[in-house]
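Asker: Give me a model of this one.
(one chain, ligands or ions: 1)
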Amino acid sequence: MGRPFLKMNGAGNDFVVVNALETPFAPTAEQARAIADRTTGEGCDQLIAIEPSGTADAFMRVWNADGSMVETCGNALRCVGWVLMESTGKDRVLIDTAGGPTVATRAEDGQVRVDMGAPRLHWTEVPLAEEMDTRGIELQVGPIDAPLLHTPGAVSMGNPHVVFFVSETPDDGFVRGSGSLIEHHPLFPEGVNVGFVHALAPDHIRLRVWERGAGLTKACGTGACAALVASARRGVTDRHATVDVDGGRLRIDWDEDTGHVFMTGPIEVERTGVLAL
Ligand SMILES: N[C@H](CCC[C@H](N)C(=O)O)C(=O)O
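Answerer: Sure, this is the predicted structure:
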C-alpha cells in the first residue's frame, strides 16, 4: 500500500511531505534516508510528516536527508502552513514542533509567514559543550595565525546554528569543506547547521548554509532566522533584513516588542507522488 505525498519546496529547500493526520507514518531512519536519496529515492533535503496534535492544528515531524530526526525546519513550516490553510480554509494555523510551537499565516503574493518564536541565545540552549558568549564564540577554522573563519555567532531556533561572517559569498567548495568540518565539531554536542553571512547592507544579507544532516541546501529557513539574529546581535545588520539564499529570497524580522523572529517567503508544490513503503 503506497503512501501519497506532496513534493514541495520553500525557496528551493525541498521536501517530501506526508499527511499523517489520519494514518500514522513512522519510517525508520533508513527508510527516511532512502526516501531522501536523490539517486534511488524521491530526493529531498528533509522528509516531513504532518501529524495530529492535541495543542495545535498539527505537529510537524522532520527527518533530515541522512535519516536523523530533528527538531524543526523553517522552510517546511511555511509549506506545511500552506497545506493546512488550504485544507482548512483558515488564514492562520498553529503548528507544533519538537523545537517549539509556531504560527503560520498567509502573506502577500501567495507567500507564507511563520512566527518562529524567540531565538534561544544562552550557550546551554544552542547547545554548546562549554560556556561561551554566543554573540561570538571561540571557534576558528584554518591556520592558527591566519584563520579562514573565526568568532561566529551561535543561535538556536529550536535547532542549533553557528553563523560565520564573511567578506565575500563563499563558493560551493568552501561551504562544503568548512561546513562538513564544523557540523560535527565537539563544541556542538548535537551537531550544528553552519551559516555563512555576507552582509551587503544593514537590511540585506547573502546567506549560504551547510545543513546538519543534509549538506549544502538552496535555502535554510531556521538558518536565515539564526543569521539575522546573529548579525543583529553583532551590529552587522538591523533586526529586519532581506536574506538572499541560493534558491530565492526570504524576509526575516526580529520583532522588537515580542522578541519573536518572523520569516516570510515563497512556497511551491512541485508534484504529487506515492511512496512505495
Ligand atoms: N538541517 C536542519 C533541519 C532543517 C532546517 C532547514 N531546512 C530549515 O528550513 O530550517 C537541522 O538539522 O537542524
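
Asker: Touching, Glu168 and His198? I think so.
Answerer: Yes: contact criterion Cβ atoms under 8 Å: Glu168 and His198 qualify, at 6.2 Å. Quick note: C-beta positions are derived from backbone N, CA and C, even for glycine.

Asker: More neighbours: which of the two?
Answerer: His198 (17 against 9; other Cβ atoms under 10 Å).

Asker: which residues sit in contact with that one?
Answerer: Contacts for His198 were tallied using Cβ atoms under 8 Å, 6 or more residues apart in numbering; they are 166-170, 205-207.

Asker: Just give me the closest of those to Asp57.
Answerer: For those, the residue nearest Asp57 by Cβ to Cβ is Leu207; the value is 29.3 Å.

Asker: Please report how far that closest one lies from the ligand.
Answerer: Counting by Cβ to the nearest ligand atom, to the nearest Å, the separation of Leu207 from the ligand is 12 Å.

Asker: quick one, phi psi at that residue?
Answerer: phi -130, psi 140 (degrees, to the nearest 10).

Asker: With Leu94 instead?
Answerer: Dihedral angles for Leu94 - degrees, to the nearest 10 - are phi -100, psi 120.

Asker: Need the pLDDT of it.
Answerer: pLDDT for Leu94: 98.

Asker: the strands in the stretch 151-277 of the chain, which residues?
Answerer: 153-156, 160-165, 193-201, 204-211, 215-216, 240-245, 248-254, 261-265, 268-275 (DSSP state E, counting those that start in this stretch).

Asker: circling back to that earlier point, please produce CSV containing the contacts of His198, extended by pLDDT.
Answerer: CSV is the format used below for the contacts of His198 (pLDDT from 0 to 100):
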residue, pLDDT
Val166, 97
Ser167, 96
Glu168, 96
Thr169, 97
Pro170, 97
Ile205, 98
Arg206, 98
Leu207, 98
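
Asker: which of those lies closest to the ligand?
Answerer: Distance to the ligand across the contacts of His198 (Cβ to the nearest ligand atom) is lowest for Leu207, with 11.6 Å.
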